[in-house]
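A.B. asks: Sequence unavailable; structure follows:
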Ligand SMILES: Cc1ncc(COP(=O)(O)O)c(C=O)c1O
């Protein structure tokens with residue numbers, strides 16, 4: 001018998017959204033940015049490629065400095081991660097002993113559960129109400145770490161700010177606020193880092209900066225917290241191409257701000273159009289919407305859309321089994337989605 005840890009054996013593992021190997025799909029299933037980054041970010045790539053023989057900068061300093069300028073924090077307050085998933089794992093390994101408690105909402109980003117289980121942590125889930133929102137602050141005195149995403153998937157709305165504040169105030173452990181989708185909204189939680197000494201904010205370049213394929217994320221917190229987390233990460237956790245492209249993207253703030261606005265405009269059109277097609281749709285602060293068709297099972301809609309080469313996300317989770325999650329694509333992609341949905345509705 002192999003010495004596989006019980007907690008690993010008993011975990012099904014995280015199931016990411018499909019990445020089809022053909023290009024004939026309209027891909028609205030994994031919340032990628034539909035717009036490419038500017039071509040100029042590739043200008044100095046050749047130089048980096050010639051250096052692949054050498055290890056990358058172990059501390060990703062240029063990237064962290066570039067992030068610091070945009071975020072308004074010193075590079076000592078920023079940890080770079082191989083995607084923000086890396087930051088979540090580093091936080092877990094920094095603050096939680098196996099057997100100790102990790103808390104998060106239900107439903108939320110399902111990776112929290114997977115990594116907590118694999119780590120051997122005890123899990124406390126806090127149910128959201130019937131609208132997938134908080135009823136009060138997250139009471140969990142035993143938790144060493146609380147993962148809380150705002151905007152929170154799969155709904156995509158920001159959590160109540162006052163309840164989040166109270167959560168940070170009352171928590172005896174660390175609160176990690178996952179801001180993966182924050183650039184598509186009007187608020188962020190930077191002030192929480194300044195106000196509370198137990199808060200980490202995580203950010204990703206996968207969504208708003210069109211770099212999902214490069215795996216670049218950040219943890220931003222106090223110097224004390226970042227110092228401890230820095231010991232836990234892999235020594236070369238970002239390759240040189242990811243560091244270079246990440247730092248380059250931060251030089252094009254105006255370009256990305258325009259994209260974020262475009263995504264928000266398309267999101268509003270998608271929301272209204274789906275409502276006109278008899279879907280229940282929640283308002284979203286992210287680059288996706290959660291929608292429940294009132295005339296077909298959501299799982300059947302997912303399958304029929306896929307047959308017609310439109311990929312959306314369907315989750316088997318009982319709370320959302322009657323919903324699909326749709327990433328905001330380009331206007332042309334959303335037009336095609338709506339056209340197919342309308343055909344299906346007429347056939348139903
Ligand atoms: C809430 C949330 N956090 C983090 C991530 C992952 O981000 P990254 O690509 O930086 O690992 C996702 C991706 O879907 C997400 O939904």
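C.D. replies: Cool, the structure landed. The shown structure was predicted, so the numbers you read here are calculated from the model rather than taken from an experiment.

A.B. asks: which SS state does residue 8 fall under?
C.D. replies: Reduced to three states with DSSP: H, G, I helix; E, B strand; the rest coil, the structure at residue 8 is helix.

A.B. asks: Contact partners for it?
C.D. replies: Counting by CB atoms under 8 Å, 6 or more residues apart in numbering, residue 8 makes contact with residue 118. For glycine as for every other residue, the C-beta is placed from the backbone atoms N, C-alpha and C.

A.B. asks: and the gap between it and residue 147?
C.D. replies: Shown here: residue 8 relative to residue 147, a distance of 20 Å by CB to CB, to the nearest Å.

A.B. asks: residues near residue 85, how many?
C.D. replies: Applying other CB atoms under 10 Å, we find 20 other residues in the vicinity of residue 85.

A.B. asks: Equivalent analysis for residue 105, please.
C.D. replies: Other residues within reach of residue 105 by the criterion other CB under 10 Å amount to 23.

A.B. asks: Just say helix, strand or coil for it.
C.D. replies: Classification of residue 105 using three-state DSSP returns strand.

A.B. asks: from memory it sits against residue 126, does it?
C.D. replies: Yes: counting by CB atoms under 8 Å, residue 105 touches residue 126, with 5.4 Å between them.

A.B. asks: quick one: common contacting residues for those two?
C.D. replies: By CB under 8 Å, 6+ apart, residue 105 and residue 126 have these common neighbours: residue 138.

A.B. asks: so where is the protein shaky, pLDDT-wise?
C.D. replies: Flagging of the chain using pLDDT under 70 yields an empty set of residue ranges.

A.B. asks: Can you show me the helices along it?
C.D. replies: Using DSSP state H, the helices of the chain run over 6-9, 45-49, 61-71, 84-95, 111-119, 161-170, 190-195, 223-232, 240-249, 253-276, 298-307, 331-347.

A.B. asks: Including distance to the ligand, could those go into JSON lines?
C.D. replies: Shown next, in JSON lines, are these (distance: least, CB to the nearest ligand atom, whole Å):
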{"stretch": "helix 6-9", "distance to the ligand": "21"}
{"stretch": "helix 45-49", "distance to the ligand": "21"}
{"stretch": "helix 61-71", "distance to the ligand": "13"}
{"stretch": "helix 84-95", "distance to the ligand": "3"}
{"stretch": "helix 111-119", "distance to the ligand": "7"}
{"stretch": "helix 161-170", "distance to the ligand": "15"}
{"stretch": "helix 190-195", "distance to the ligand": "17"}
{"stretch": "helix 223-232", "distance to the ligand": "16"}
{"stretch": "helix 240-249", "distance to the ligand": "11"}
{"stretch": "helix 253-276", "distance to the ligand": "15"}
{"stretch": "helix 298-307", "distance to the ligand": "18"}
{"stretch": "helix 331-347", "distance to the ligand": "18"}
